[in-house]
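# below are the sequence and a predicted model for it; my questions follow.
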Amino acid sequence: MFVLYINTNYFFHMENTKYTFLEDFIFHPALIALAKENNREGLLSFLQQFPGQEECIQDAWLLLQSLKIEEADVPAGQIDADFNKLKKRLKYNKIRRIVVRYTASAACLALFVLLGTISLKTNLFHPDNESDLLSYLDLLQIENNEIQLIMDSDTISINNRETIFLTEEGNLIIGSDNREIASKTEEKNIQMMIPYGRKVSVRFCDGTNMWVNAGSKVLYPKLFSKNSREIYAEGEIYLDVTRNEAQPFIVHTSDFDVRVLGTRFNVYAYPEEEEKSVVLVNGSVEVATSETKQKNKLSPNQGFFLTGDNAGIREVDTSFYTCWLDDVIKLDGESLDVIFDKLCRKYNVAIIYDKIAAHGIYKGKLNLNDSIEETLYNLSLTTLNTPFSYTIKENKVNIKFK
C-alpha cells in the first residue's frame, strides 16, 4: 500500500488544465467524487465534457475505484519522503509519471494507492515481455493480511510460513496439508503477494528454493523454459539455486537483473527504498542494471548496491543481509528510518514519526520473535543519541522524540 499526500488546495488550480493524460483525470476532483460514490450516471455526463478522451477517462475511473481515500494527519517530513517514494515507484509503470504540485500540510488528503485490482480485472496491461511483466508486477495489489497466490485467475490463500511446491506438471502442492492444486489453463505465470507480517517459501521443480519476505511480490512461471529459469521480484527474496549451466536462473527487478547458474544470494529491491542490493553468500552472480546494462560480477561475501544512478560493489558480512530468514535484524550503522521501515513490514504496523528528527546510526541486534512492544522497548534503550518514546494503538505506532 502506498500513500500520496496532496493538499486539497491543489484542486482549485486545475481549472485551466488541458486534460490529456491518465494522471490528469486521476486527480480531477469531480471524477474522484464520482468514483468514490460509484456514480455511473455521473460518469456518463463527465464523459460528454471531454470528447475524444473516453478511453483515458474510463481507465482513470477504474484506477480511482481501486483507491481508498481518507484524511490523515502526518508530519511534513513524512509527506515529502512518501511523495518521493511514490515517484520512484511509478518510474517503471506503463502510465506517464504523475507530477503533482502540492503543499505540505499537517492535514492532507491521503490517497492510498491500491493499484493491483485493475491489473487483474481489466485490460490495461498485456504483459508479454520483461518491461511489461515488471509493470504488471508493480501493479499487483497486496489486498489483505493473507498470503495470496493467483493461478489461472483463481486466488489461493496461503498460511504464514508455508512452503509451496511446484511439480513438473505445473501444479502446486501446499506444504502443511499437502493440498494439490492442478493447473487448469494455458496461462504461464503465477503471481504471489506477501503482506506485511508474513513470510513464505517456494520449492521449484528443479530443486531451487526461494524464501520471500514480508511486503514482497513475485511472479514466476508454472514451468521454466528449456533455456532459462526466470522470475520477477519486488521486495526481498533469498534464493538457493540448483546449478544448471544449460539453464541459467535470472531474477528480474525494476532496477537490475541477476543472472546465476547455481548459488545462494539475497535480493533486496523494495520500490520505496532508496538503496537496492544483491548480496552473494556463495557461488557467483552477475548483476546488470536496468539503466546502463553494465554487468557486475560478484564473488562470495560481496554485495552490489544501487542508490539512484550510483552503483558499486563492496565486501560485506552476509549475515546482516540474510538474518531476516531467522527473524533477526542486525544493525551496523542503520538509521532509525531504515529500522522503522523494516519493523513496519515485519509486524504489519504503521509507524508515524518525524523523519527529519530520525537521525543517528545504530548497532546491535533485534529479535523479531519478540512482540512489537518488546522490540520498540529494546530499540529505545540503545538509541541514546536519539531517545524516543512510543504509544501503540491497534496497528498504529506513534513515535515521539525527546
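Perfect, thanks for sending it. Treat the numbers as computed from the prediction; the structure is a model and nothing was measured. Numbering: from 1, shown residues only.

# buried residues in stretch 53-62?
The neighbour-count criterion (16 or more other C-beta atoms under 10 Å) identifies 53, 56-57, 59-62 as the buried residues of stretch 53-62. For glycine as for every other residue, the C-beta is placed from the backbone atoms N, C-alpha and C.

# same question for stretch 348-368.
Using 16+ other C-beta under 10 Å as the test for burial, stretch 348-368 gives 348-349, 351-353, 355, 357-358, 362, 366, 368.

# before we move on, what about stretch 284-293?
Within stretch 284-293, the residues scored as buried using 16+ other C-beta under 10 Å are 285-290.

# which members of those are positioned in helices?
Assignment to helices by DSSP state H places none of the buried residues of stretch 284-293 there.

# can you confirm Asn227 is in a helix?
No - with DSSP: H, G, I helix; E, B strand; the rest coil as the criterion, Asn227 is assigned coil and is not in a helix.

# would you list every one of the strands in the stretch 51-200 of the chain?
In the stretch 51-200 of the chain, the segments counted as strands under DSSP state E, counting those that start in this stretch are 67-73, 107-113, 147-151, 154-158, 162-166, 172-174, 179-181, 189-194, 200-203.

# just how off-centre is the fifth one within its chain?
Just to be clear, that refers to strand 162-166. The offset between the C-alpha centroid of strand 162-166 and the centroid of the whole chain comes to 21 Å, using C-alpha atoms, centre = their mean, to the nearest Å.

# so it versus strand 189-194, what angle?
An angle of 170 degrees separates the directions of strand 162-166 and strand 189-194 when computed by axes from the mean of the first three to the mean of the last three C-alpha atoms, to 10 degrees.

# and strand 162-166, which strands flank it?
Listed by DSSP bridges, the sheet partners of strand 162-166 and their directions read strand 172-174 (antiparallel), strand 200-203 (parallel).

# most tightly surrounded among these?
strand 200-203 (a mean of 20; mean count of other C-beta atoms under 10 Å).

# state the mean pLDDT of that one.
If you average the pLDDT over strand 200-203, you get 97.

# in strands, which of the buried residues of stretch 284-293 appear?
The subset of the buried residues of stretch 284-293 located in strands under the criterion DSSP state E comprises 285-289.

# farthest pair within those?
The most widely separated members of those, counting by C-beta to C-beta, are Val285 and Thr289 (13.6 Å).

# just give the closest residue to Ser335, not the sequence neighbours.
Here the nearest residue to Ser335 in space, its sequence neighbours aside, is Ile361; by C-beta to C-beta, 6 or more residues apart in numbering that works out to 5.8 Å.

# contacts only, for that neighbour.
Listed by C-beta atoms under 8 Å, 6 or more residues apart in numbering, the contact set of Ile361 reads 333-335.

# quick one: secondary structure of Glu373?
The three-state label for Glu373, taken from three-state DSSP, comes out as helix.

# tell me the pLDDT of it.
On the pLDDT scale, Glu373 is placed at 94.

# what distance do you get for it to Lys184?
Computed as C-beta to C-beta, to the nearest Å, the Glu373 to Lys184 distance reads 45 Å.

# try Asp154
Distance, Asp154 to Lys184, by C-beta to C-beta: 8 Å.

# buried ones in stretch 313-321?
Residues of stretch 313-321 classed as buried: 313, 316, 318, 320-321 (neighbour count, 16+ other C-beta under 10 Å).

# host element of Leu376?
Per DSSP states H and E, Leu376 falls inside helix 372-382.

# same for that helix, what does it pack against?
The elements that helix 372-382 packs onto, with contact taken as 3 or more C-beta pairs under 8 Å, 6 or more residues apart in numbering; DSSP states H and E, are helix 336-347, strand 361-367, strand 388-393.

# before we move on, back to that, would a markdown table of the ones in strands among the buried residues of stretch 284-293 with pLDDT and distance to Phe165 be doable?
Rendered in a markdown table, the data for those read as follows (pLDDT from 0 to 100; distance: C-beta to C-beta, whole Å):
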| residue | pLDDT | distance to Phe165 |
| --- | --- | --- |
| Val285 | 96 | 25 |
| Glu286 | 96 | 28 |
| Val287 | 97 | 29 |
| Ala288 | 94 | 30 |
| Thr289 | 93 | 33 |
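
# what would the contacts of Ile361 look like in CSV with distance to Val212?
Converted to CSV, those look like this (distance: C-beta to C-beta, whole Å):
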residue, distance to Val212
Gly333, 26
Glu334, 22
Ser335, 25
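
# could you pick out the buried ones from the residues you listed?
The neighbour-count test (16+ other C-beta under 10 Å) marks 334-335 as buried among those.

# pull the number of nearby residues for the nearest residue to Asp370 once chain neighbours are set aside.
Distances taken as C-beta to C-beta, 6+ apart place Asn378 nearest to Asp370, at 7.3 Å, with adjacent residues excluded. The number of residues packed near Asn378 is 14, by other C-beta atoms under 10 Å.

# distance check, Asn378 against Gly364.
Here the criterion is C-beta to C-beta. By it, Asn378 lies 8 Å from Gly364.

# among the strands of the stretch 51-200 of the chain, where is the model least confident on average?
Taking the mean pLDDT of each of the strands of the stretch 51-200 of the chain, the lowest value is held by strand 107-113, a mean of 37.

# what about the stretch 101-250 of the chain, any weak spots by pLDDT?
Regions of the stretch 101-250 of the chain meeting the criterion pLDDT under 70 cover residues 101-131.

# could you pull out the helices for it?
Secondary structure of the stretch 101-250 of the chain (DSSP state H, counting those that start in this stretch): helices located at 116-121, 130-139.

# now the longest one and strand 189-194, what's the angle there?
It refers to helix 130-139. For helix 130-139 against strand 189-194, the angle between stretch directions is 40 degrees (the same axes, to 10 degrees).

# chain center to helix 130-139: distance?
Centroid displacement of helix 130-139 relative to its chain, using C-alpha atoms, centre = their mean, is 12 Å.

# which positions within that helix qualify as buried?
Residues of helix 130-139 classed as buried by neighbour count (16+ other C-beta under 10 Å): 133-139.
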